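[1] only geometry, no sequence info:
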DNA sequence: ATAACAACTTCGTGTAACCCGAGGTCAATA
DNA sequence: TATTGACCTCGGGTTACACGAAGTTGTTAT
(Lines give C-alpha, C1' and ligand atoms only; values in the text may rest on other atoms or scores of the structure.)
Protein backbone atom coordinates (compact mmCIF):
# COMPACT_ATOMS: atom_id res chain seq x y z
CA UNK A 1 0.00 0.00 0.00
CA UNK A 2 1.26 3.47 -0.95
CA UNK A 3 0.28 6.79 0.61
CA UNK A 4 0.55 10.42 -0.42
CA UNK A 5 1.78 12.85 2.21
CA UNK A 6 -1.81 13.95 2.86
CA UNK A 7 -3.11 10.41 3.34
CA UNK A 8 -0.17 9.56 5.55
CA UNK A 9 -0.72 12.67 7.65
CA UNK A 10 -4.36 11.77 8.14
CA UNK A 11 -3.43 8.19 9.06
CA UNK A 12 -1.30 9.42 11.94
CA UNK A 13 -3.34 12.49 12.91
CA UNK A 14 -0.50 14.83 12.09
CA UNK A 15 0.30 17.44 9.45
CA UNK A 16 2.18 17.60 6.16
CA UNK A 17 4.61 20.03 7.79
CA UNK A 18 5.59 17.54 10.43
CA UNK A 19 6.04 14.73 7.91
CA UNK A 20 8.24 16.91 5.74
CA UNK A 21 10.24 17.81 8.82
CA UNK A 22 10.71 14.14 9.70
CA UNK A 23 11.74 13.10 6.20
CA UNK A 24 14.12 16.06 5.89
CA UNK A 25 15.70 15.09 9.23
CA UNK A 26 16.24 11.60 7.89
CA UNK A 27 13.93 10.22 10.56
CA UNK A 28 11.24 8.89 8.29
CA UNK A 29 12.33 7.29 4.99
CA UNK A 30 10.14 7.85 1.95
CA UNK A 31 10.25 7.34 -1.79
CA UNK A 32 9.43 9.81 -4.55
CA UNK A 33 7.10 9.54 -7.51
CA UNK A 34 7.52 10.96 -11.03
CA UNK A 35 6.61 14.45 -9.88
CA UNK A 36 9.13 14.35 -6.99
CA UNK A 37 6.27 13.93 -4.52
CA UNK A 38 6.89 11.94 -1.32
CA UNK A 39 5.52 8.42 -1.33
CA UNK A 40 5.06 6.47 1.89
CA UNK A 41 4.55 2.71 2.06
CA UNK A 42 3.93 0.00 4.66
CA UNK A 43 7.47 0.16 6.00
CA UNK A 44 6.99 3.91 6.53
CA UNK A 45 4.00 3.01 8.67
CA UNK A 46 6.24 0.90 10.91
CA UNK A 47 8.85 3.63 11.25
CA UNK A 48 6.21 6.23 11.92
CA UNK A 49 4.64 4.08 14.62
CA UNK A 50 8.05 3.91 16.26
CA UNK A 51 8.41 7.67 16.05
CA UNK A 52 5.02 8.25 17.63
CA UNK A 53 5.65 5.95 20.57
CA UNK A 54 9.18 7.16 21.20
CA UNK A 55 7.97 10.74 21.03
CA UNK A 56 5.29 9.90 23.59
CA UNK A 57 8.09 8.78 25.90
CA UNK A 58 9.56 12.25 25.50
CA UNK A 59 12.47 11.15 23.31
CA UNK A 60 13.94 14.06 21.34
CA UNK A 61 14.01 13.73 17.57
CA UNK A 62 17.80 13.48 17.50
CA UNK A 63 17.82 10.48 19.79
CA UNK A 64 15.09 8.77 17.80
CA UNK A 65 17.25 9.24 14.75
CA UNK A 66 20.26 7.75 16.52
CA UNK A 67 18.19 4.74 17.48
CA UNK A 68 16.82 4.30 13.98
CA UNK A 69 20.30 4.60 12.51
CA UNK A 70 21.38 1.76 14.77
CA UNK A 71 18.41 -0.26 13.56
CA UNK A 72 19.54 0.11 9.97
CA UNK A 73 23.10 -1.09 10.72
CA UNK A 74 24.27 -4.71 10.76
CA UNK A 75 23.14 -6.55 13.84
CA UNK A 76 26.24 -6.90 15.99
CA UNK A 77 25.95 -7.72 19.66
CA UNK A 78 27.17 -4.25 20.55
CA UNK A 79 24.54 -2.72 18.34
CA UNK A 80 21.76 -4.74 19.95
CA UNK A 81 23.02 -3.79 23.41
CA UNK A 82 22.99 -0.10 22.50
CA UNK A 83 19.44 -0.38 21.19
CA UNK A 84 18.38 -2.32 24.25
CA UNK A 85 19.72 0.40 26.55
CA UNK A 86 17.81 3.09 24.68
CA UNK A 87 14.56 1.15 24.83
CA UNK A 88 15.13 0.37 28.50
CA UNK A 89 15.57 4.04 29.31
CA UNK A 90 12.57 5.13 27.27
CA UNK A 91 10.37 2.43 28.77
CA UNK A 92 11.13 3.79 32.21
CA UNK A 93 10.34 7.25 30.95
CA UNK A 94 7.04 5.94 29.59
CA UNK A 95 6.08 4.56 32.98
CA UNK A 96 7.02 7.78 34.72
CA UNK A 97 4.81 9.64 32.28
CA UNK A 98 2.00 7.17 32.87
CA UNK A 99 2.13 7.78 36.61
CA UNK A 100 2.25 11.51 36.06
CA UNK A 101 -0.76 11.31 33.76
CA UNK A 102 -2.66 9.31 36.39
CA UNK A 103 -2.01 11.90 39.10
CA UNK A 104 -2.87 14.75 36.76
CA UNK A 105 -6.13 13.15 35.64
CA UNK A 106 -7.12 12.56 39.28
CA UNK A 107 -6.35 16.17 40.15
CA UNK A 108 -8.39 17.47 37.24
CA UNK A 109 -11.32 15.21 38.16
CA UNK A 110 -11.32 16.68 41.64
CA UNK A 111 -10.99 20.22 40.37
CA UNK A 112 -13.92 19.70 38.02
CA UNK A 113 -16.08 18.29 40.78
CA UNK A 114 -15.16 21.35 42.78
CA UNK A 115 -16.57 23.66 40.12
CA UNK A 116 -19.66 21.53 39.70
CA UNK A 117 -20.30 21.81 43.43
CA UNK A 118 -19.96 25.56 43.33
CA UNK A 119 -22.14 25.98 40.24
CA UNK A 120 -24.81 23.72 41.76
CA UNK A 121 -24.84 25.83 44.91
CA UNK A 122 -23.31 23.02 47.00
CA UNK A 123 -20.39 25.05 48.28
CA UNK A 124 -17.82 22.59 49.55
CA UNK A 125 -16.30 23.01 52.99
CA UNK A 126 -12.89 23.97 51.74
CA UNK A 127 -14.42 26.96 49.97
CA UNK A 128 -16.26 28.14 53.06
CA UNK A 129 -14.39 31.08 54.59
CA UNK A 130 -15.40 29.80 58.02
CA UNK A 131 -12.94 26.97 57.54
CA UNK A 132 -10.07 29.10 56.33
CA UNK A 133 -6.93 29.77 58.29
CA UNK A 134 -7.45 26.61 60.28
CA UNK A 135 -5.13 24.32 58.46
CA UNK A 136 -7.78 23.10 56.03
CA UNK A 137 -6.22 22.08 52.75
CA UNK A 138 -7.98 24.21 50.18
CA UNK A 139 -6.53 22.32 47.24
CA UNK A 140 -5.43 25.45 45.44
CA UNK A 141 -6.95 28.89 45.39
CA UNK A 142 -8.82 28.56 42.18
CA UNK B 1 7.15 30.08 54.48
CA UNK B 2 9.33 31.97 51.99
CA UNK B 3 11.50 30.50 49.26
CA UNK B 4 14.39 31.75 47.18
CA UNK B 5 14.26 30.99 43.46
CA UNK B 6 16.68 28.12 43.96
CA UNK B 7 14.68 26.53 46.75
CA UNK B 8 11.47 26.95 44.79
CA UNK B 9 13.02 25.41 41.72
CA UNK B 10 14.15 22.41 43.73
CA UNK B 11 10.71 22.07 45.31
CA UNK B 12 9.11 21.67 41.89
CA UNK B 13 11.94 19.85 40.12
CA UNK B 14 12.42 22.64 37.65
CA UNK B 15 15.01 25.33 36.91
CA UNK B 16 15.59 28.97 37.78
CA UNK B 17 15.25 29.79 34.08
CA UNK B 18 11.75 28.37 33.93
CA UNK B 19 10.64 30.18 37.07
CA UNK B 20 11.96 33.46 35.74
CA UNK B 21 10.10 32.82 32.51
CA UNK B 22 6.84 32.17 34.39
CA UNK B 23 7.14 35.24 36.59
CA UNK B 24 8.05 37.42 33.61
CA UNK B 25 4.98 36.13 31.76
CA UNK B 26 2.82 37.09 34.72
CA UNK B 27 1.92 33.45 35.25
CA UNK B 28 3.50 33.01 38.63
CA UNK B 29 3.27 35.94 41.08
CA UNK B 30 6.24 36.60 43.32
CA UNK B 31 7.55 39.26 45.66
CA UNK B 32 10.99 40.85 45.77
CA UNK B 33 13.39 41.28 48.64
CA UNK B 34 15.74 44.22 49.36
CA UNK B 35 18.20 43.06 46.72
CA UNK B 36 15.44 42.79 44.07
CA UNK B 37 15.59 39.00 44.31
CA UNK B 38 12.43 37.00 43.69
CA UNK B 39 10.68 35.71 46.81
CA UNK B 40 8.09 32.93 46.62
CA UNK B 41 5.63 32.09 49.39
CA UNK B 42 2.89 29.57 50.15
CA UNK B 43 0.46 31.13 47.72
CA UNK B 44 3.12 30.77 45.02
CA UNK B 45 3.16 27.08 45.81
CA UNK B 46 -0.55 26.87 45.05
CA UNK B 47 -0.23 28.72 41.78
CA UNK B 48 2.75 26.66 40.76
CA UNK B 49 0.87 23.44 41.49
CA UNK B 50 -1.85 24.66 39.17
CA UNK B 51 0.70 25.45 36.48
CA UNK B 52 2.27 22.01 36.72
CA UNK B 53 -1.02 20.16 36.42
CA UNK B 54 -2.41 22.32 33.65
CA UNK B 55 0.86 21.97 31.76
CA UNK B 56 0.60 18.20 32.13
CA UNK B 57 -2.76 18.44 30.40
CA UNK B 58 -0.97 20.12 27.52
CA UNK B 59 -2.38 23.58 28.20
CA UNK B 60 -0.27 26.30 26.57
CA UNK B 61 1.15 28.97 28.88
CA UNK B 62 -1.08 31.68 27.40
CA UNK B 63 -4.23 29.75 28.24
CA UNK B 64 -3.00 29.03 31.76
CA UNK B 65 -2.50 32.74 32.16
CA UNK B 66 -6.01 33.46 30.89
CA UNK B 67 -7.42 31.01 33.39
CA UNK B 68 -5.40 32.46 36.26
CA UNK B 69 -6.45 35.98 35.30
CA UNK B 70 -10.07 34.85 35.57
CA UNK B 71 -9.29 33.39 38.99
CA UNK B 72 -8.06 36.75 40.18
CA UNK B 73 -11.22 38.58 39.03
CA UNK B 74 -14.43 38.97 41.04
CA UNK B 75 -16.48 35.83 41.13
CA UNK B 76 -19.39 36.49 38.80
CA UNK B 77 -21.47 33.62 37.46
CA UNK B 78 -20.09 34.23 33.99
CA UNK B 79 -16.56 34.08 35.33
CA UNK B 80 -17.20 30.76 37.07
CA UNK B 81 -18.75 29.35 33.91
CA UNK B 82 -15.70 30.35 31.86
CA UNK B 83 -13.35 28.74 34.36
CA UNK B 84 -15.51 25.64 34.48
CA UNK B 85 -15.37 25.29 30.71
CA UNK B 86 -11.58 25.52 30.71
CA UNK B 87 -11.22 22.91 33.44
CA UNK B 88 -13.74 20.66 31.68
CA UNK B 89 -11.73 20.81 28.47
CA UNK B 90 -8.41 20.24 30.17
CA UNK B 91 -9.75 17.35 32.21
CA UNK B 92 -10.77 15.62 29.00
CA UNK B 93 -7.33 16.31 27.62
CA UNK B 94 -5.82 14.81 30.78
CA UNK B 95 -7.76 11.61 30.29
CA UNK B 96 -6.79 11.39 26.63
CA UNK B 97 -3.17 11.77 27.67
CA UNK B 98 -3.61 9.11 30.31
CA UNK B 99 -4.91 6.65 27.75
CA UNK B 100 -2.10 7.54 25.36
CA UNK B 101 0.45 7.02 28.14
CA UNK B 102 -1.08 3.62 28.92
CA UNK B 103 -0.82 2.46 25.30
CA UNK B 104 2.71 3.80 24.97
CA UNK B 105 3.88 2.12 28.17
CA UNK B 106 2.39 -1.18 27.00
CA UNK B 107 4.13 -0.87 23.64
CA UNK B 108 7.47 -0.11 25.28
CA UNK B 109 7.08 -3.06 27.63
CA UNK B 110 6.54 -5.33 24.67
CA UNK B 111 9.43 -3.85 22.74
CA UNK B 112 11.72 -4.31 25.73
CA UNK B 113 10.68 -7.93 26.14
CA UNK B 114 11.43 -8.33 22.46
CA UNK B 115 15.03 -7.22 22.96
CA UNK B 116 15.42 -9.35 26.07
CA UNK B 117 14.30 -12.36 24.06
CA UNK B 118 16.80 -11.65 21.33
CA UNK B 119 19.67 -10.99 23.74
CA UNK B 120 18.85 -14.18 25.65
CA UNK B 121 18.97 -16.17 22.42
CA UNK B 122 15.21 -16.83 22.48
CA UNK B 123 14.46 -15.45 19.04
CA UNK B 124 10.74 -14.75 18.86
CA UNK B 125 8.71 -15.95 15.89
CA UNK B 126 8.09 -12.53 14.49
CA UNK B 127 11.81 -12.03 14.07
CA UNK B 128 12.30 -15.30 12.24
CA UNK B 129 12.62 -14.64 8.51
CA UNK B 130 10.75 -17.88 7.88
CA UNK B 131 7.61 -16.16 9.09
CA UNK B 132 8.03 -13.01 7.06
CA UNK B 133 5.90 -12.04 4.12
CA UNK B 134 3.07 -14.18 5.40
CA UNK B 135 0.97 -11.56 7.04
CA UNK B 136 2.60 -12.02 10.43
CA UNK B 137 2.48 -8.80 12.40
CA UNK B 138 6.11 -8.07 13.14
CA UNK B 139 5.30 -5.17 15.47
CA UNK B 140 7.78 -2.87 13.84
CA UNK B 141 11.04 -3.59 12.15
CA UNK B 142 13.29 -2.72 15.04
C1' DA C 1 -5.84 23.56 -26.39
C1' DT C 2 -5.68 26.39 -22.84
C1' DA C 3 -6.97 27.78 -18.55
C1' DA C 4 -7.78 26.89 -14.02
C1' DC C 5 -7.28 24.13 -10.10
C1' DA C 6 -5.43 20.89 -6.66
C1' DA C 7 -1.65 19.03 -4.54
C1' DC C 8 2.61 18.86 -4.13
C1' DT C 9 7.58 21.02 -3.97
C1' DT C 10 11.53 24.03 -1.76
C1' DC C 11 12.90 27.80 1.00
C1' DG C 12 12.70 30.95 4.48
C1' DT C 13 10.76 33.14 8.34
C1' DG C 14 7.81 32.78 12.75
C1' DT C 15 6.47 30.71 17.25
C1' DA C 16 6.38 28.38 21.97
C1' DA C 17 8.68 27.29 25.84
C1' DC C 18 12.20 27.34 27.38
C1' DC C 19 18.07 27.12 27.78
C1' DC C 20 22.28 29.39 28.30
C1' DG C 21 25.88 32.72 28.91
C1' DA C 22 27.70 37.52 29.49
C1' DG C 23 28.02 41.21 32.35
C1' DG C 24 26.39 43.56 36.54
C1' DT C 25 24.67 44.05 41.58
C1' DC C 26 24.90 43.09 46.32
C1' DA C 27 25.87 40.84 50.95
C1' DA C 28 28.89 38.14 53.45
C1' DT C 29 33.13 36.17 54.37
C1' DA C 30 38.77 35.61 54.19
C1' DT D 1 39.99 44.86 50.18
C1' DA D 2 39.05 41.32 47.47
C1' DT D 3 36.84 37.28 46.46
C1' DT D 4 32.91 34.31 46.60
C1' DG D 5 28.20 33.10 45.75
C1' DA D 6 23.65 33.85 44.59
C1' DC D 7 20.94 36.56 42.40
C1' DC D 8 19.68 40.11 38.56
C1' DT D 9 18.64 41.61 33.37
C1' DC D 10 19.12 41.08 28.64
C1' DG D 11 19.83 39.05 24.36
C1' DG D 12 20.75 35.26 21.42
C1' DG D 13 20.23 30.01 20.76
C1' DT D 14 17.50 25.59 20.48
C1' DT D 15 13.82 22.23 19.48
C1' DA D 16 10.00 20.88 17.03
C1' DC D 17 7.44 22.23 14.48
C1' DA D 18 3.68 26.00 11.76
C1' DC D 19 2.97 28.89 8.06
C1' DG D 20 3.26 31.40 3.77
C1' DA D 21 5.33 32.60 -0.76
C1' DA D 22 6.60 31.17 -5.15
C1' DG D 23 7.22 27.53 -8.35
C1' DT D 24 6.13 22.79 -10.62
C1' DT D 25 3.23 19.15 -12.14
C1' DG D 26 -0.91 16.50 -13.30
C1' DT D 27 -5.81 16.51 -13.90
C1' DT D 28 -10.16 18.26 -15.09
C1' DA D 29 -13.63 22.21 -17.49
C1' DT D 30 -14.56 25.08 -21.13
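    Great, that's in hand. Here the structure is a predicted model, which is why all the values come from computation and not from measurement.
[2] switch to C-alpha atoms for all contacts and neighbour counts from now on
    Fine.
[3] where exactly do the strands run in chain A?
    A:31-32, A:38-39 (DSSP state E).
[4] closest to residue B:59 out of those?
    Residue B:59 sits nearest to strand A:38-39 of all these, at 33.1 Å, using CA to CA.
[5] Which strands or helices does the closest one pack on?
    Counting contacts by 3 or more CA pairs under 8 Å, 6 or more residues apart in numbering or on different chains; DSSP states H and E, strand A:38-39 packs against strand A:31-32.
[6] Run the chain-centre distance for the strand it packs on.
    Centroid separation for strand A:31-32 versus its chain: 27 Å, with CA atoms, centre = their mean, to the nearest Å.
[7] And for stretch A:74-88?
    The mean C-alpha position of stretch A:74-88 is separated from the chain mean by 23 Å, CA atoms, centre = their mean.
[8] does any bit of stretch A:49-57 sit next to chain B?
    Yes - interface with chain B: stretch A:49-57 contributes A:49-50, A:53, A:56-57 (CA under 8 Å from any CA of the partner chain).
[9] which ones are touching residue A:101?
    B:56, B:94-95, B:97-98, B:101 (CA atoms under 8 Å, 6 or more residues apart in numbering or on different chains).
[10] now that we have those, which one has the most neighbours?
    Within the contacts of residue A:101, most neighbours by other CA atoms under 10 Å in any protein chain shown means residue B:94, with 28 neighbours.
[11] near chain B, which residues of chain A?
    A:46-47, A:49-50, A:53, A:56-57, A:68, A:71, A:80-81, A:84, A:87-88, A:90-91, A:94-95, A:97-98, A:100-102, A:104-105, A:107-109, A:111-112, A:115-116, A:119, A:139-142.
[12] biggest helix in chain A by residues?
    Secondary structure of chain A per DSSP state H: the longest helix is helix A:77-119.
[13] State the pLDDT value of the nearest residue to residue A:58 once chain neighbours are set aside.
    With sequence-adjacent residues excluded and distances taken as CA to CA, 6 or more residues apart in numbering or on different chains, residue A:58 is closest to residue A:93, at 7.4 Å. The model reports residue A:93 with a pLDDT of 97.
[14] Isn't residue A:93 up against residue A:57?
    Yes - counting by CA atoms under 8 Å, residue A:57 is a contact partner of residue A:93 at 5.7 Å.
[15] on that earlier part again, closest to DNA strand D among the contacts of residue A:101?
    Proximity of these to DNA strand D (CA to the nearest atom of the strand) peaks at residue B:97, which lies at 15.5 Å.
[16] For the closest residue to residue A:81 other than its chain neighbours, the count of nearby residues, please.
    Leaving aside its sequence neighbours, residue A:81 sits nearest to residue B:119 (CA to CA, 6+ apart; 7.9 Å). Residues near residue B:119, counting by other CA under 10 Å, number 14.
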